[in-house]
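Asks: sequence and predicted structure below; questions after.
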Amino acid sequence: EQTAAIQEAAKDGDFVDQLLMVLLHTGLTATEFTHMHGSWLEPLPSADAYEDATPIIRIPSEADCRGIQLGSNLEISQRTGRCGYCKDTGYEVWHPGKAGSDRRVRTIPIPDGTTVERLYWWFSRYESTPISLTSLQQRLSQLADQAGLERNITPRDLRATYGTNLVRMGFSSEEITQLM
């Protein structure tokens with residue numbers, strides 16, 4: 001019920017709100033989403049790229065942090081330096097997971113057609129996602145308000161929902177560990 005309400009609020013929102021729903025169907029962490037590049041998709045975005053195969057996201061061992069950013073009026077511009085997260089952690093390039101931990105390099109299938117369309121639409125126009133961790137949290141809070149939920153929704157909540165959905169679809173704990 002809450003998931004449907006959030007999806008409906010995002011559908012009524014702008015292109016960034018709709019792009020945020022990728023989190024719900026992929027299990028991406030907040031930092032993976034905010035550093036995602038089009039080159040992570042296979043097959044690469046094109047008009048008929050995924051007709052015969054389930055597209056995947058390949059989380060790399062590192063990625064350039066200097067992508068694009070979203071302005072206050074939804075304008076897209078090139079970021080000139082590292083994002084706040086990478087500056088705060090001391091990364092010159094972004095890495096999945098924390099330094100010294102099990103890096104979360106993995107492959108995520110994207111069976112949901114709407115999610116594939118959103119990703120391919122976005123990455124056929126832009127090289128990376130345009131949103132910071134702070135903006136991501138603010139936008140999810142706004143979506144929760146618009147959906148009439150009485151609590152904030154976090155990127156971790158959307159990731160947990162993805163995991164719950166995998167359990168409901170019959171995935172084993174080992175398979176879920178590999179995907180998440």
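Replies: Right, received. Where do you want to start?
Asks: can you find the helix or strand in the protein with the smallest mean pLDDT?
Replies: Of all helical and strand segments in the chain, the minimum by mean pLDDT, DSSP states H and E falls on strand 68-70, at a mean of 73.
Asks: so what does it touch, helix or strand wise?
Replies: Strand 68-70 sits against strand 76-78, with contacts defined as 3 or more Cβ pairs under 8 Å, 6 or more residues apart in numbering; DSSP states H and E. C-beta coordinates here come from the backbone N, C-alpha and C atoms, glycine included.
Asks: same for the strand it packs on, what does it pack against?
Replies: Using 3+ Cβ pairs under 8 Å, 6+ apart: strand 76-78 touches strand 68-70.
Asks: what count of nearby residues applies to residue 38?
Replies: Residue 38 has 18 neighbouring residues, counting by other Cβ atoms under 10 Å.
Asks: okay, it and residue 67: tell me how far apart.
Replies: Separation of residue 38 from residue 67 (Cβ to Cβ, to the nearest Å): 10 Å.
Asks: now the common contact residues for these two.
Replies: The contact sets of residue 38 and residue 67 overlap at 127-128 (Cβ atoms under 8 Å, 6 or more residues apart in numbering).
Asks: please save the CA atoms from the helix or strand where residue 23 lies in PDB.
Replies: Assigning secondary structure by DSSP states H and E places residue 23 in helix 22-26. Extracted C-alpha coordinates of helix 22-26, given in PDB (Å, rounded to 0.1, in the frame of the first residue of the first chain):
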ATOM      1  CA  VAL A  22      14.600   2.900  -9.900                       C
ATOM      2  CA  LEU A  23      15.800   2.400  -6.300                       C
ATOM      3  CA  LEU A  24      12.600   0.500  -5.600                       C
ATOM      4  CA  HIS A  25      13.200  -2.000  -8.400                       C
ATOM      5  CA  THR A  26      17.000  -2.500  -8.300                       C
END
